[in-house]
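[1] Provided below are the primary sequence and the corresponding predicted coordinates.
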Amino acid sequence: MRPRSLGDIRQFGLGLFLAVIGVIAVIAFLLLHFFLPPPAAGDLRPISGSLVGRVEVHAPSRVGRWALFTVQSGNINVGARINNYGFIWDCNATPNLLQLKDGAEITVWFTEKDIAGRTDALAWRIQHAGEDLLSLEQSLGAYHAQQERFFYFAFGVIASGIALMLWGWRLASSEQRKVSNAL
């Protein structure tokens, strides 16, 4: 009876698969971070108008809680969203954002691309009566915290894959020792 090769050991194969997926995720993450960075303050355009309805917070999804609202500026309505809403941890004014009533005058900052290309533009900053309800620093902090969590998750997948590969290698080497001792 000959020992199984590394390719025949499930732990090694699964570990190799996880390690490759983790490496691909890290590379994709780095490319996205390089080609799609968050906007700078000068890239944002304000839209002033009145809030239509209320700010609605939606249940957690795979990327966390998020909020939707609509701003009426002149005769156009701009649908807006706040990503990473649950991760904006240091936002003392966030309850004030949720307490805004229909018709409240607000100013929201978006990127030009978001305003032109989407119905739900990503809001990076929100002001009401001259007070920041959501500052750009808070939004950027939440953005970077979410990216950091995804990055660590990808490294966790790589580490799990390497651990499984080592386990498979150990099984293969112990089988090989058993066969060589039997001869």
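    Structure received.

[2] from here on, contacts and neighbour counts on C-alpha atoms
    Will do.

[3] and stretch 35-52, what's its mean pLDDT?
    For stretch 35-52, the mean pLDDT works out to 90.

[4] state the distance from L44 to E112.
    Remark: distance between L44 and E112 (CA to CA, to the nearest Å) = 7 Å.

[5] counting neighbours, go ahead and name the busier of those two.
    In this view L44 and E112 are compared by other CA atoms under 10 Å, and L44 has more residues nearby, 19 against 13.

[6] could you pull up phi and psi at V108?
    Per-residue torsions, V108: phi -120, psi 140 (degrees, to the nearest 10).

[7] now do the contacts for it.
    46-48, 123-127 (CA atoms under 8 Å, 6 or more residues apart in numbering).

[8] flag the shaky bits of this structure, pLDDT-wise.
    1, 7, 60-64, 84-94, 117-119, 183 (pLDDT under 70).

[9] can you map out the helices along it?
    Here the chain has its helices, by DSSP state H, at 10-35, 94-98, 112-117, 136-182.

[10] got CSV for these, with distance to H58 too?
    Listed next are the helices of the chain as CSV, based on distance: least, CA to CA, whole Å:
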stretch, distance to H58
helix 10-35, 26
helix 94-98, 12
helix 112-117, 20
helix 136-182, 17
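
[11] is there a neighbour count for D8? I'd like the number.
    Around D8 there are 12 residues (other CA under 10 Å).
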